[in-house]
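S.K.: got a sequence here, can you build the structure:
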Amino acid sequence: MNETIKLVRETIAVLIGVFVLSTSLFAQESEDASKKAEAEMKETFGTVPVMMKVLPDHLRAGAWEWFKATQSPDAAIPAKYSELISLGVASQIPCTYCVYAHTTMAKMLGATDAEIQEAVASAANTRLWSTVLNGANVPLDEFKKEWDGILAHIKKQSEAKETTEK
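M.R.: A predicted model of the protein is given here:
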């Protein structure tokens, strides 16, 4: 029995040692990645944005990578439209910081006041009908069936109109 206890203690001591060593190595890697991310942010923005400063150091590099990926020029959605979508979401959360950031960025990317108003109105429209449908407990399968029928009807009308115009 004493040999078993001794073996367990030794195993635990080894595991603790490995954990402590790996944790300090990970912490150093995390600190290096955070400093690299901060340097990139300063190069990109002239500063480290407050939204990144308030994150714990170990999360900053990952958040920066996520941010860069979502803002990529290779994204399928053009930047102006991405900002208008983000503005709509920000309006509904609501997030005053986000509304300001996405409105000013959308304008910088060429969005008109009318486009900004429509983005916010579209978000409000979605919120309205979400409230109505969820509040009325409309079964999702029934909604989907009806909606698919509506889309089929609209498509049929559109095709008929195209045929008439030719």
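
S.K.: show me the residue at the heart of this structure, geometrically.
M.R.: T70 (7.6 Å; Cα atoms, centre = their mean).

S.K.: pLDDT-wise, which helix or strand of this protein ranks last?
M.R.: helix 2-45 (a mean of 71; mean pLDDT, DSSP states H and E).

S.K.: could you list the low-pLDDT ranges of this protein?
M.R.: Confidence mapping of the chain against pLDDT under 70 gives the ranges 1, 6-29.

S.K.: hmm, 50 instead?
M.R.: The model of the chain has pLDDT under 50 over residues 23-26.

S.K.: and the helices in it?
M.R.: Listed in chain order, the helices of the chain (DSSP state H) span 2-45, 50-53, 57-70, 79-92, 96-108, 113-135, 140-165.

S.K.: comparing these, which comes out most buried?
M.R.: helix 79-92 (a mean of 20; mean count of other Cβ atoms under 10 Å). Yep, even glycine has a C-beta here, placed from its N, CA and C like the rest.

S.K.: I figured R127 was touching Q92, is that so?
M.R.: Yes - at 5.2 Å, R127 counts as touching Q92 under the criterion of Cβ atoms under 8 Å.

S.K.: tell me how far the closest residue to M105 other than its chain neighbours lies from K36.
M.R.: Nearest residue to M105 in three dimensions, chain neighbours excluded: E83, at 4.9 Å (Cβ to Cβ, 6 or more residues apart in numbering). In this view, E83 and K36 are 27 Å apart by Cβ to Cβ, to the nearest Å.
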